[in-house]
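Undergrad: Using only what follows, build the 3D model:
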Amino acid sequence: MHQLSLWGLQTWPASIIFDTPIAFYNLTCGVCICRNLKKLGRKMDSFCFAHHRFPFLFLATLYVQTISFCFCSSDGVPGSLRSACREDERQVLLRFRHDLADPSGRLSSWIGYDCCQWRGISCNNLTGHVVKMDLSNTYCQHDYLEWDEVAYRRSLLKGKLNPSFLTLTHLDYLDLSCNDFELPLFIGQLKSLRYLNLSSFSSSQGVIPESIGNLSSLKTLDLSSNYFDGIPIPQFFGQLKSLQYLDLSYALREEIPPHLGNLSNLSYLDLSANFWLTLTSTNMNWLSQLSSLKYLSLQYVDLSNTGVS
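TA: Okay, here's the model as predicted:
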């Protein structure tokens, strides 16, 4: 038999008050309600402690109200205060899914009204805005010796981003890695993006949209494992002044442009495994301008003309 003691109340056997596990859970979650509402800046002392004099009223109130009110999560926000998915953004995601081929059914959970519960989707707890979309294909993490090309092809999401995607104005994390999408030119209008991963990205357009240079808040950009054959790094890279992480491994065949030296906040730069690059002491002058750089990888890059052994 469970014993309950709330804020100095007389200790009562739980079975006397409630006779179901869900009722007991809702009762104990009452503590969570008051604690977390105070975290949110609400003055709940009068509510929580006024019931010292009316223990049965307090417990009965919890039983009736908290059954839909107090599903407390690890981030400290009770369920009733958590905003559900916004309908306009849900419709955008449904249109996006409609335009995709999904042979393995990775997006089969994209049903129902609360898109915040869909696979790969995360929302702001208080506003309900979609802030994160992680559709990365984990099959690309398979060991090479276990690679199955048929299974890989089946795991891909293939299609395009509908222009209605621009409705997701609060999206700050977008991972489309290891899929086969058409990369739209309008992606640079998602001004809230701070994280963008397009690694192992089979874009049928074969270009890096210049509009990415408009993502002034972008901190992480991963374009690795793409092999942009004959495509120079666009000038826009020099505009990404907030960028801290840049991965261009297995991606380049052209000369590295000096405008990378404008990325004064860059702390991580991976240029490894660009086998066709030939660096010289002249075309590496831009490195000295990266004052925040803490990690640099040039593994498997030809450095024979740089004087570096």
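Undergrad: Contacts only, for S216.
TA: When the contact criterion is Cβ atoms under 8 Å, 6 or more residues apart in numbering, the partners of S216 are 191, 239-242. Every C-beta, even on glycine, is put in place using the N, C-alpha and C of the backbone.
Undergrad: try I121
TA: Residues counted as contacts of I121 (Cβ under 8 Å, 6+ apart) are 93, 115, 130, 132-133.
Undergrad: Please report phi then psi for it.
TA: Reported as degrees, to the nearest 10, the phi and psi values for I121 are phi -110, psi 130.
Undergrad: mind checking how far it is from V130?
TA: Using Cβ to Cβ, to the nearest Å, we find I121 at a distance of 6 Å from V130.
Undergrad: swap in L93?
TA: Counting by Cβ to Cβ, the gap from L93 to V130 is 7 Å.
Undergrad: ok, how many other residues are close to L243?
TA: 25 (other Cβ atoms under 10 Å).
Undergrad: next one: E87
TA: Close neighbours of E87, defined as other Cβ under 10 Å, add up to 11.
Undergrad: Show me which of the contacts of S216 is closest to F275.
TA: Within the contacts of S216, the smallest distance to F275 is 25.5 Å, found for L240 (Cβ to Cβ).
Undergrad: my guess is that closest one contacts S264, does it?
TA: No - taking contact to mean Cβ atoms under 8 Å, the distance of 10.6 Å between L240 and S264 leaves them out of contact.
Undergrad: Please say which of the two ends up with more neighbours.
TA: Taking neighbours as other Cβ under 10 Å, L240 and S264 compare with L240 leading, 23 against 13.
Undergrad: which residues touch that one?
TA: L240 makes contact with 212-213, 215-216, 218, 221, 263, according to Cβ under 8 Å, 6+ apart.
Undergrad: Next, format these as JSON lines and append secondary structure.
TA: Conversion of those to JSON lines gives the following (DSSP: H, G, I helix; E, B strand; the rest coil):
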{"residue": "I212", "secondary structure": "helix"}
{"residue": "G213", "secondary structure": "helix"}
{"residue": "L215", "secondary structure": "coil"}
{"residue": "S216", "secondary structure": "coil"}
{"residue": "L218", "secondary structure": "coil"}
{"residue": "L221", "secondary structure": "strand"}
{"residue": "L263", "secondary structure": "coil"}
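Undergrad: out of those, who has the most neighbours?
TA: L218 (26 neighbours).
Undergrad: L248 versus that one, what's the distance?
TA: Where L248 is concerned, L218 sits at a distance of 14 Å (Cβ to Cβ).
Undergrad: now M133
TA: Distance from M133 to L248, counting by Cβ to Cβ: 23 Å.
Undergrad: Overlap in contacts, L93 and V130.
TA: 115, 121.
Undergrad: Which one's more surrounded, the two?
TA: The residue with more neighbours, out of L93 and V130, is V130; 26 against 23, by other Cβ under 10 Å.
Undergrad: check contacts around D270.
TA: In this structure, D270 makes contact with 224, 246-249, 295-297, judged by Cβ under 8 Å, 6+ apart.
Undergrad: Any idea what it is bridged to?
TA: Partner residues in beta bridges with D270: D247, S297, with DSSP bridges as the criterion.
Undergrad: related to what we said a few turns ago, which of the contacts of D270 count as buried?
TA: Buried members of the contacts of D270, scored by 16 or more other Cβ atoms under 10 Å, are 224, 246-249.
Undergrad: Under the pLDDT cut-off, which ranges of this protein? List them.
TA: Under the criterion of pLDDT under 70, the regions of the chain flagged as low confidence span 1-83, 142, 144, 202-207, 227-232, 307-309.
Undergrad: Show me the chain divided up by domain.
TA: According to the domain assignment given by automatic domain parsing, the chain is divided into the following structural domains: 3-81, 87-305.
Undergrad: In this structure, what residue spans correspond to strands?
TA: Counting by DSSP state E, the chain has strands at residues 3-4, 12-13, 121-123, 130-134, 158-160, 173-175, 180-182, 195-197, 220-222, 245-247, 268-270, 278-280, 295-297, 302-305.
Undergrad: Pipe those into JSON lines and attach distance to D88 per row.
TA: Shown next, in JSON lines, are the strands of the chain (distance: least, Cβ to Cβ, whole Å):
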{"stretch": "strand 3-4", "distance to D88": "44"}
{"stretch": "strand 12-13", "distance to D88": "47"}
{"stretch": "strand 121-123", "distance to D88": "13"}
{"stretch": "strand 130-134", "distance to D88": "10"}
{"stretch": "strand 158-160", "distance to D88": "20"}
{"stretch": "strand 173-175", "distance to D88": "18"}
{"stretch": "strand 180-182", "distance to D88": "22"}
{"stretch": "strand 195-197", "distance to D88": "23"}
{"stretch": "strand 220-222", "distance to D88": "27"}
{"stretch": "strand 245-247", "distance to D88": "32"}
{"stretch": "strand 268-270", "distance to D88": "36"}
{"stretch": "strand 278-280", "distance to D88": "49"}
{"stretch": "strand 295-297", "distance to D88": "40"}
{"stretch": "strand 302-305", "distance to D88": "51"}
